[in-house]
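# sequence first, predicted coordinates after that:
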Amino acid sequence: MSDQSPVLAPKRFILKRSSEVARVDESKFKVRYEQELNVGQFEAVKHRDGPALVIAGAGTGKTRTLTYRVARLVEQGVDPKSILLLTFTRRASQEMLRRASALLHDRAAENVSGGTFHSFANITLRHYANLIGYTNDFSILDGGDSQDAINLLRTRMGLATARRRFPKKTTLGTMFSLAVNKLIPLEQVVEENYPHFMDDLGEIIRLSEGYHAYKRKSNAMDYDDLLTNLVLLLETNAPVRQALAKKYRYIMVDEYQDVNRLQARIVTLLSGDDPSRANVMVVGDDAQSIYRFRGAEVENIFEFPSQYPGAVVIPLEENYRSTMPILTLTNHIISMATRRYEKMLYSRHANGEMPQIVCAENEAQQSLYVVEKILEYREMGVSLNDIAVLFRSGYMSFDLELELQRANIPFQKFGGMKFIETSHVKDLTAMLRVLQNPQDAISWYRILLLHDGVGPKTAEKIVQDISDGKVSVKQFSEGVIEGTVPAPFEFAKMPRNVVDLFATLRYVANDRLTPPEKVEHLIEYYKPILRRKYDDHQKREKDIETFQLITERYRSLTSLLSDLSLDPPTESMTEMQESTRDNEILTLSTIHSAKGLEWNSVIITNCLDGRFPSIHAARDPEDLEEERRLMYVAATRAKEHLIITYPTNLYDRESGIVLSKPSRFIDGLVDKELAEGWVIAEE
């Protein structure tokens with residue numbers, strides 16, 4: 001099957017290096033930049049003033065480039081505090097700043113302001129929240145908290161009944177978030193993504209308005225609010241915007257292809273009033289933009305040169321990860337994109353094993369072949385730790401997982417529930433949240449429902465009493481806690497275990513207790529509940545121990561809760577113990593989860609037209625292009641060995657047809673067979 005003709009005419013952006021940068025005497029710098037960097041990296045690093053776009057192909061050393069640029073700016077006398085480095089994980093910014101400091105042999109670079117968009121928004125809003133109608137001690141709702149709030153309001157509005165089909169809390173949360181991050185009306189989101197709920201549009205909009213009103217009343221923000229409220233602050237308060245633009249004279253943004261419209265707007269607002277003179281450097285790769293479903297907008301990277309007139313565009317094309325045969329394949333995959341920056345990755349590792357495209361009779365045969373290749377690589381001396389099997393969607397690995405178990409090959413599947421999202425850890429954080437923000441209705445609702453005899457109606461009545469000021473933690477005196485003084489009248493109407501909850505919270509609210517001490521007392525209170533609620537409480541208690549260890553590094557409850565919301569731990573103690581049970585462990589991963597990682601040997605499975613891309617994606621030009629980029633990301637994870645497999649004779653229930661052709665992203669290679677040096681095989 002040949003690739004379908006694109007609806008839009010192909011549009012390419014030819015990258016040209018700037019030739020007008022003044023020559024600088026390198027001898028005055030401690031770091032030997034020109035000797036330690038390749039031509040493209042050095043051009044990006046020595047760029048100082050004005051806007052710049054660095055198109056960093058896969059494996060071309062963008063982290064190294066950002067690190068050296070930070071070091072060079074500091075060496076040139078730029079105040080580290082005037083540099084703002086925005087990344088998608090706090091760990092990434094911390095690692096870059098650590099490396100920059102190591103280059104300079106001092107810790108100056110660690111004074112650079114670095115972090116995620118959300119953490120930067122949180123820090124900024126803690127100073128200026130009063131200007132947009134919040135107090136500086138606002139709570140942050142994580143994804144689960146947001147969904148709980150939506151579900152509570154959904155119930156109050158009478159929309160959660162068995163007599164009608166109405167979007168669930170997770171779907172509603174996704175709707176609301178997409179509208180915010182894409183800067184489009186909620187009606188458009190429903191119409192384009194959930195047309196079967198158009199009849200409910202009026203109530204969906206009313207629920208959205210109620211959700212925003214609830215957050216305002218509760219002095220709480222969700223993840224999206226951190227960005228929208230920062231934009232609101234910057235757009236409506238010129239003195240604040242100008243002060244921040246003056247403070248952060250140099251702005252660098254990593255993974256710019258993954259920013260959404262809100263994040264791009266924040267960069268614009270922080271960069272000053274004249275875009276042509278903005279000291280903004282963004283680094284990214286249009287070919288690796290794969291998070292459209294989260295609101296990421298690839299148009300941001302395409303529009304950058306026109307948005308910032310005179311911007312220097314610098315390509316990084318030398319790949320340090322893969323062999324040239326693998327790069328030849330990946331260059332071919334992305335060359336068919338309808339819109340792209342023109343670049344050609346190359347490697348000094350000219351020789352290597354040719355990539356293989358393997359056709360299997362069915363999915364079972366595909367799984368057997370993959371297991372066979374893994375064992376073969378293992379015998380060749382490749383550790384299981386350096387082998388990955390990648391796939392478009394999580395369900396595509398189920399058959400393979402059974403074969404791996406039969407072959408006694410240990411594996412870890414990327415994805416799944418994060419540590420902070422486990423229910424028992426969320427129970428504890430909810431208790432901490434009501435200490436920080438007594439008006440946090442969702443956290444109250446969660447912890448009240450942990451107690452026997454408290455159902456949804458009772459919990460909602462108590463939450464309403466808290467909201468109205470009829471009951472509060474502060475009403476407990478030391479005498480009430482000790483049992484020498486009767487509890488206030490309102491508490492006499494509550495179940496005894498709820499009274500005990502308020503008493504415990506009143507004791508823990510003592511300002512003399514540090515966060516670790518607060519958590520220790522709450523754990524003692526919570527353990528009987530944990531043992532009663534969960535059959536596997538012994539495993540969960542290990543997670544509670546991990547939670548206790550995490551809190552020991554904090555002296556502020558606000559900073560603890562902010563970090564748990566904005567940069568949570570991703571593994572539980574149980575997961576960590578299981579992952580280290582064997583010295584070697586194979587990686588199974590969706591391609592989205594594999595971005596940014598690399599392995600010696602990579603096998604991409606189920607590359608069958610109708611699955612990758614899916615039948616649905618093939619109907620939409622933008623979806624199809626993102627699927628192509630997803631294939632490119634998968635293939636560029638491999639260092640030395642790359643295998644692409646697809647089963648045939650696979651029945652698709654949704655379409656009612658039998659899928660039998662390779663993915664359109666590789667079918668050109670299959671048609672050429674060995675003419676280009678590819679190894680085509682049938683299993």
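Received the coordinates, thanks. Numbering: from 1, shown residues only.
# give me the element the closest residue to residue 184 other than its chain neighbours is part of.
Spatial nearest neighbour of residue 184, excluding adjacent residues (C-beta to C-beta, 6 or more residues apart in numbering): residue 178 at 7.8 Å. To be clear about C-beta, it is placed using only N, CA and C from the backbone, and glycine gets the same treatment. Secondary structure from DSSP states H and E places residue 178 in helix 169-182.
# contact partners for residue 413?
394, 397, 401, 588, 589 (C-beta atoms under 8 Å, 6 or more residues apart in numbering).
# among these, which ones are buried?
For the contacts of residue 413, a burial check counting by 16 or more other C-beta atoms under 10 Å picks out 394, 397, 588, 589.
# related to what we said a few turns ago, export the contacts of residue 413 as JSON lines, with columns for secondary structure, pLDDT and distance to residue 136.
JSON lines is the format used below for the contacts of residue 413 (DSSP: H, G, I helix; E, B strand; the rest coil; pLDDT from 0 to 100; distance: C-beta to C-beta, whole Å):
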{"residue": "394", "secondary structure": "helix", "pLDDT": "77", "distance to residue 136": "40"}
{"residue": "397", "secondary structure": "helix", "pLDDT": "82", "distance to residue 136": "46"}
{"residue": "401", "secondary structure": "helix", "pLDDT": "85", "distance to residue 136": "48"}
{"residue": "588", "secondary structure": "strand", "pLDDT": "93", "distance to residue 136": "44"}
{"residue": "589", "secondary structure": "strand", "pLDDT": "92", "distance to residue 136": "40"}
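# list just the nearest of these to residue 457.
For those, the residue nearest residue 457 by C-beta to C-beta is residue 394; the value is 37.4 Å.
# is it true that that closest one touches residue 590?
Yes: assessed by C-beta atoms under 8 Å, residue 394 is found in contact with residue 590 at 5.6 Å.
# most widely separated two among the contacts of residue 413?
In the contacts of residue 413, the most distant members under the criterion C-beta to C-beta are 401 and 589, with 12.4 Å between them.
# quick one on the thing from earlier: wait, which of the contacts of residue 413 is closest to residue 640?
Nearest to residue 640 among the contacts of residue 413, with distances taken as C-beta to C-beta, is residue 589, at 18.3 Å.
# which parts of the stretch 1-150 of the chain are strands?
Secondary structure of the stretch 1-150 of the chain (DSSP state E, counting those that start in this stretch): strands at 11-14, 52-56, 83-87, 113-116, 139-141.
# most packed of these?
Sort those by mean neighbour count, taking mean count of other C-beta atoms under 10 Å, and strand 52-56 sits at the top with a mean of 27.
# show me what contacts residue 289?
Counting by C-beta under 8 Å, 6+ apart, residue 289 makes contact with 257, 258, 296, 298, 301, 626, 629.
# at 10 Å instead, please
255-259, 296-302, 625-626, 629-630, 633 (C-beta atoms under 10 Å, 6 or more residues apart in numbering).
# check residue 399 too.
By C-beta under 10 Å, 6+ apart, the contact list for residue 399 reads 362, 363, 364, 366, 367, 368, 370, 605, 606, 647.
# strand partners of the lengthiest strand in the chain, parallel vs antiparallel please.
Longest strand in the chain, counting residues (DSSP state E): strand 638-647. As defined by DSSP bridges, the strand partners of strand 638-647 come to strand 356-360 (parallel), strand 599-604 (parallel).
# what about residue 342, how many residues nearby?
Neighbourhood size, residue 342 [other C-beta atoms under 10 Å]: 11.
# quick check: phi and psi at it.
phi -70, psi 120 (degrees, to the nearest 10).
# and the gap between it and residue 311?
17 Å (C-beta to C-beta, to the nearest Å).
# so where is the stretch 501-650 of the chain shaky, pLDDT-wise?
In the prediction, the stretch 501-650 of the chain carries residues with pLDDT under 70 at positions 535-536, 538, 567-582.
# and the stretch 51-200 of the chain, by the same measure?
161-164.
# show me what contacts residue 414?
Applying C-beta under 10 Å, 6+ apart, the residues contacting residue 414 are 388, 390, 394, 587, 588, 589, 590, 591, 592, 593, 594, 597.
# put the buried members of the residues you listed into a PyMOL selection.
The PyMOL selection below is limited to those of these classed as buried (16+ other C-beta under 10 Å):
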select buried, resi 388+390+394+587+588+589+590+591+592+593+594
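# nearest to residue 421, of the contacts of residue 414?
Of all these, the one with the least separation from residue 421 (C-beta to C-beta) is residue 593, at 15.2 Å.
# find the residue closest to the closest one in space, skipping its chain neighbours.
Spatial nearest neighbour of residue 593, excluding adjacent residues (C-beta to C-beta, 6+ apart): residue 414 at 4.0 Å.
# and the one you found, how close does it get to residue 265?
If you go by C-beta to C-beta, the gap between residue 414 and residue 265 works out to 31 Å.
# just to revisit the earlier point, please indicate which of the contacts of residue 289 are buried?
When neighbours are counted using 16+ other C-beta under 10 Å, these contain these buried positions: 255-259, 296-298, 300-302, 625-626, 629-630, 633.
# and the strands paired with strand 638-647 as TSV, adding distance to residue 615 and mean neighbour count?
Listed next are these as TSV, based on distance: least, C-beta to C-beta, whole Å; neighbours: other C-beta atoms under 10 Å:
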stretch	distance to residue 615	mean neighbour count
strand 356-360	20	22
strand 599-604	19	25
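# got those strands as TSV, with distance to residue 566 columns?
Shown next, in TSV, are the strands paired with strand 638-647 (distance: least, C-beta to C-beta, whole Å):
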stretch	distance to residue 566
strand 356-360	42
strand 599-604	29
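# how about those strands, which one is nearest residue 377?
strand 599-604 (5.0 Å).
# now the closest one: how far from the chain's centre is it?
23 Å (C-alpha atoms, centre = their mean, to the nearest Å).
# okay, that strand in PDB with CA atoms only?
Taking C-alpha atoms only, strand 599-604 is exported to PDB below (Å, rounded to 0.1, in the frame of the first residue of the first chain):
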ATOM      1  CA  TRP A 599      18.200   1.300  24.000                       C
ATOM      2  CA  ASN A 600      20.800  -0.800  22.100                       C
ATOM      3  CA  SER A 601      18.100  -2.900  20.500                       C
ATOM      4  CA  VAL A 602      14.500  -1.800  19.700                       C
ATOM      5  CA  ILE A 603      11.700  -3.900  18.300                       C
ATOM      6  CA  ILE A 604       8.600  -2.000  17.200                       C
END
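# okay, residue 272 and residue 631: tell me how far apart.
39 Å.
# who has more neighbours, these two?
Applying other C-beta under 10 Å to residue 272 and residue 631 shows that residue 631 carries more neighbours, namely 25 against 18.
# without its sequence neighbours, what residue ends up closest to the more buried one?
Closest residue in space to residue 631, ignoring its immediate chain neighbours: residue 665 at 4.5 Å, by C-beta to C-beta, 6+ apart.
# residue 49 too?
Counting by C-beta to C-beta, 6+ apart, residue 279 is the residue found nearest to residue 49 once chain neighbours are left out, at 5.8 Å.
# how about the spatially most central residue of the chain: what's its closest non-neighbour residue?
By C-alpha atoms, centre = their mean, the mean C-alpha position of the chain lies nearest to residue 88, the distance being 6.9 Å. Closest residue to residue 88 apart from its sequence neighbours, by C-beta to C-beta, 6+ apart: residue 255 at 5.1 Å.
# was I right about the one you found contacting residue 93?
No: the pair residue 255 / residue 93 is not scored as a contact, 11.3 Å apart, by C-beta atoms under 10 Å.
# check which helix or strand covers the nearest residue to residue 537 once chain neighbours are set aside.
Here the nearest residue to residue 537 in space, its sequence neighbours aside, is residue 531; by C-beta to C-beta, 6+ apart that works out to 4.6 Å. For residue 531, the host element (DSSP H and E) is helix 515-533.
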